[in-house]
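# got a sequence here, can you model it:
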Amino acid sequence: MAASFGIFVLTELPGEAGELVRAIQERYDPKLARLTPPHVTLVGSSGVGSIPSDTPVERIREAMAPIAATTPPLVLEFGAPVRFMQTDIISLPLDPHGPLRTLHERIATSGLPFKASRFLFTPHCTLNFYRTLTRETQRELLALRVTAPVRVERLQVYLTRDPQPARKLLEFELTGNGLSALA
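Numbers count the residues shown, from 1 in each chain. Coordinates of the predicted model:
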């Protein structure tokens, strides 16, 4: 969600995986840890761009609620950390295929407007974004492993207008069997 304008759809990481990611971020990129909870961005950074910030919240709710109501919670695994080409950005990737891809595609084809994205869908959790890394800290980060399961139980919709803090607009529970939208 960093350095962007628009509306993003993400899943905050609960449980052990979220706690481990938070500890890594606090150690290697305290600014990132302060600004956002550990999360995986589903819409806004890859696959499709962000939703334009002037999109009515009710329109987003109408498009997202049925998706959340018919998607069961997901349990996923992080891969080994990777470095985004020619940057100090290091993240934990998730498999871009399977149920996470299906969820992303359902949102992308929901009828909501999206800005263009420069990247293919590459779901990940960022460990380092703001801090310039030494070779040693880069090696340390790339050697870390988060083996706790990644639980995707809720979707959060955030409005970002840097440099202002991101603001949560909506939250949806993935129920797989009934309508559940939290505002």
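
# ok, which stretches of this protein are helices?
With DSSP state H, the ranges of helices along the chain come out as 15-28, 30-35, 57-69, 99-108, 135-143.

# of those helices, which is nearest Ser46?
Evaluated with C-beta to C-beta, the helices of the chain place helix 99-108 nearest to Ser46, the distance being 8.9 Å. C-betas here are computed from N, CA, C, even on glycine.

# any regions of this protein where pLDDT drops low?
Residues of the chain that meet the criterion pLDDT under 70 lie in 1-4, 163, 177-183.

# quick one: Pro113 from Ile89, how far?
Distance of Pro113 to Ile89, given as C-beta to C-beta, to the nearest Å: 27 Å.

# thought Pro165 was touching Leu35?
Yes. Counting by C-beta atoms under 8 Å, Pro165 does reach Leu35; the two are 7.2 Å apart.

# so which of these two has more stuff around it?
Leu35 (16 against 11; other C-beta atoms under 10 Å).

# so Leu144 touches Gly79, yeah?
No. Counting by C-beta under 8 Å, Leu144 sits too far from Gly79 to count as a contact (11.8 Å).

# who's in contact with Thr55?
Contacts for Thr55 (C-beta atoms under 8 Å, 6 or more residues apart in numbering) come out as 7, 112-113.

# what's the span of stretch 151-167, first residue to last?
Stretch 151-167 stretches 22 Å from its first residue to its last (C-alpha to C-alpha, to the nearest Å).

# typo on my end, it should be stretch 138-154
31 Å.

# can you list contacts of that stretch?
Everything outside stretch 138-154 that qualifies as a contact, by C-beta under 8 Å, 6+ apart, is 11-17, 20-21, 24, 28, 40, 73-78, 80-83, 88, 90, 92, 94, 100, 103, 125, 127-128, 133, 171-174.

# cutoff 7 Å now
Contact with stretch 138-154 is made by 11-17, 20-21, 24, 28, 73-78, 80-81, 83, 90, 92, 94, 127-128, 171-174, as judged by C-beta atoms under 7 Å, 6 or more residues apart in numbering.

# show me which of these are buried.
11-13, 17, 20-21, 24, 28, 74, 76, 78, 81, 90, 92, 94, 127-128, 171-174 (16 or more other C-beta atoms under 10 Å).

# which ones among the residues you listed map onto strands?
Judged by DSSP state E, the subset of those located in strands is 11-12, 74, 76, 90, 92, 127-128, 171-173.

# JSON lines for those, including distance to Thr160?
As requested, these are exported to JSON lines (distance: C-beta to C-beta, whole Å):
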{"residue": "Thr11", "distance to Thr160": "16"}
{"residue": "Glu12", "distance to Thr160": "15"}
{"residue": "Leu74", "distance to Thr160": "24"}
{"residue": "Leu76", "distance to Thr160": "24"}
{"residue": "Ile90", "distance to Thr160": "21"}
{"residue": "Leu92", "distance to Thr160": "21"}
{"residue": "Leu127", "distance to Thr160": "20"}
{"residue": "Asn128", "distance to Thr160": "19"}
{"residue": "Glu171", "distance to Thr160": "16"}
{"residue": "Phe172", "distance to Thr160": "18"}
{"residue": "Glu173", "distance to Thr160": "22"}
